[in-house]
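Q: the sequence isn't on hand, but the structure is:
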């Protein structure tokens, strides 16, 4: 961290950083906007805050005053954020310096960062591969050594999956631990702001700064950190894990071996509701997306179609021109399940399954400290038609979306490298057990090889 603090100590250093950041990011395209000089003017970087002088990136669906706020969509291309999100403001108050805004799947709807209106982000490990999504730009910016940490958002795994693809840590806090004020709404009951970093200690420091109640977000709450069930941790694992690629299966086995070497107790369980989790999740997420994205009409802000004879036609044209195909699909499906006569058949049933999942997981946590699961059934896949289809990506979210449906905390971590690409697993813990979860992960990482990122940090490049 000393190199990063030195890097952003004065205006000349910031200008060199901006030039180097722009050049090094060009083949990756993790950023949509780069301006650490402007970011420094927002930060309390002249003070001795706990994160003073440390640069970070921010997913472009999280507000940062004066910067773009596109959500990866053409419909918000003209918008500049008039304020900063609470999580961002708390980092600024701690002295951290925002370097810029990162690319994402449009409104967070995707698992590869190919759905952005502003181009595809590439994985620093291999430019032919996706970085994951929807926080792919945030993950790639960290994995490429451009920033030491980044803020993303996690609605169904959008922090953890790209972190796994890029060989770093991705933390989704308990719903309500971090304010969502300033996070553009996609599926409000599922999403939370998360943290990506290659440094677990730094991730913990960032979380300690951004967590806590906020008067702007009534879903936030005070917390009393939970403790483990016993002195020897117990980890729960699925009795049967299917559909993993050879490389991910290897990573899963490696993690189980590490758990055994750590002396933890292993408890196997079955999750009957897992079969229905994907259907329930996407029903709820699409319904909430339909409602939340109804505000983008071109009347008050954002894109406005200029080729319309009436207000109704203007709204229709604006939404048609501004939204991408994936967003349109989810809005249409969400509107369908919310129609009179269909709510009971689809939306209400999905909520009942959500309750069942939450109850099942709580039952498992009653006898376990954490649950260990895969993040995604495959490693980073190829960009374009030779990769996974949109439907395949949705089905593959089955392990990550459980934490969002239940509102509990989860963290993905690198467990090794196979076939030249990182492999990631995840730990889940009960709601409000965030500190315990990170404690357990820190213990476990002593028995795992971890991952050495493919490039030095930008701070090292500049100083050399």
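A: Great, that's in hand. What you see is a predicted model; the values in this text were computed from it and never measured. Residues are numbered from 1 along each chain as shown.
Q: what's the distance between the most centrally placed residue in the chain and residue 426?
A: In the chain, the residue lying closest to the centroid (Cα atoms, centre = their mean) is residue 159, at 2.1 Å. Separation of residue 159 from residue 426 (Cβ to Cβ, to the nearest Å): 10 Å. Every residue, glycine included, has its C-beta placed from N, CA and C.
Q: joint contacts of these two?
A: Residues touching both residue 159 and residue 426 by Cβ atoms under 8 Å, 6 or more residues apart in numbering: residue 412.
Q: which non-adjacent residue is nearest residue 456?
A: residue 145 (5.7 Å; Cβ to Cβ, 6 or more residues apart in numbering).
Q: these two touch, right, the one you found and residue 458?
A: Yes. If you go by Cβ atoms under 8 Å, residue 145 and residue 458 touch, sitting 5.5 Å apart.
Q: who has more neighbours, these two?
A: The neighbour comparison of residue 145 against residue 458 (other Cβ atoms under 10 Å) goes to residue 458, with 25 against 19.
Q: list the contacts for the more buried one?
A: 7, 17, 20, 21, 24, 145, 146, 147.
Q: torsion angles phi and psi at the second one?
A: In other words, residue 17. Backbone torsions of residue 17, given as degrees, to the nearest 10, read phi -60, psi -40.
Q: hmm, who's touching stretch 246-260?
A: Here stretch 246-260 makes contact (Cβ under 8 Å, 6+ apart) with 235, 237, 241, 244, 266, 372, 374, 376-379, 415-416, 418-419, 421, 423-425, 444, 447-448.
Q: please tell me how far residue 447 sits from residue 371.
A: 18 Å.
Q: those two: which is more packed in?
A: Remark: of residue 447 and residue 371, residue 371 carries more neighbours, 24 against 16, as counted by other Cβ under 10 Å.
Q: hmm, residue 361 and the more buried one touching each other?
A: Yes. Using Cβ under 8 Å, residue 371 is in contact with residue 361, at 7.4 Å.
Q: what about stretch 418-438, start to end distance?
A: By Cα to Cα, to the nearest Å, the extent of stretch 418-438 from end to end equals 25 Å.
Q: for it, give the mean pLDDT please.
A: On average, the pLDDT along stretch 418-438 is 97.
Q: in that stretch, what counts as buried?
A: 418, 421-438 (16 or more other Cβ atoms under 10 Å).
Q: just the ones of the residues you listed in helices?
A: Those of the buried residues of stretch 418-438 mapping onto helices are 434, 435, 436, 437, 438, per DSSP state H.
Q: turn the residues you listed into JSON lines, including distance to residue 94.
A: Converted to JSON lines, those look like this (distance: Cβ to Cβ, whole Å):
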{"residue": "434", "distance to residue 94": "18"}
{"residue": "435", "distance to residue 94": "18"}
{"residue": "436", "distance to residue 94": "23"}
{"residue": "437", "distance to residue 94": "22"}
{"residue": "438", "distance to residue 94": "18"}
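Q: of all these, which comes closest to residue 397?
A: Distance to residue 397 across those (Cβ to Cβ) is lowest for residue 437, with 20.3 Å.
Q: what about the strands in this structure?
A: Taking DSSP state E, the strands of the chain run over residues 31-34, 55-59, 97-102, 149-154, 169-172, 192-197, 234-238, 265-269, 370-374, 409-418, 421-429.
Q: I'd like the average pLDDT over the fifth one.
A: The reference is to strand 169-172. Rounded mean pLDDT across strand 169-172 is 98.
Q: and for the first one?
A: Average pLDDT, strand 31-34: 98.
Q: that strand packs against which elements?
A: Secondary-structure packing of strand 31-34 (3 or more Cβ pairs under 8 Å, 6 or more residues apart in numbering; DSSP states H and E): helix 11-25, strand 97-102, helix 136-143.
Q: who's in contact with residue 188?
A: By Cβ under 8 Å, 6+ apart, the residues touching residue 188 are 180, 288, 292.
Q: filter those residues down to the buried ones, PyMOL style.
A: Written as a PyMOL command, the selection of buried residues from those, which uses 16+ other Cβ under 10 Å, is:
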select buried, resi 180+288+292
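Q: next one: the nearest residue to residue 1 once chain neighbours are set aside, what pLDDT does it get?
A: Closest residue to residue 1 apart from its sequence neighbours, by Cβ to Cβ, 6+ apart: residue 54 at 6.1 Å. Listed pLDDT for residue 54 reads 95.
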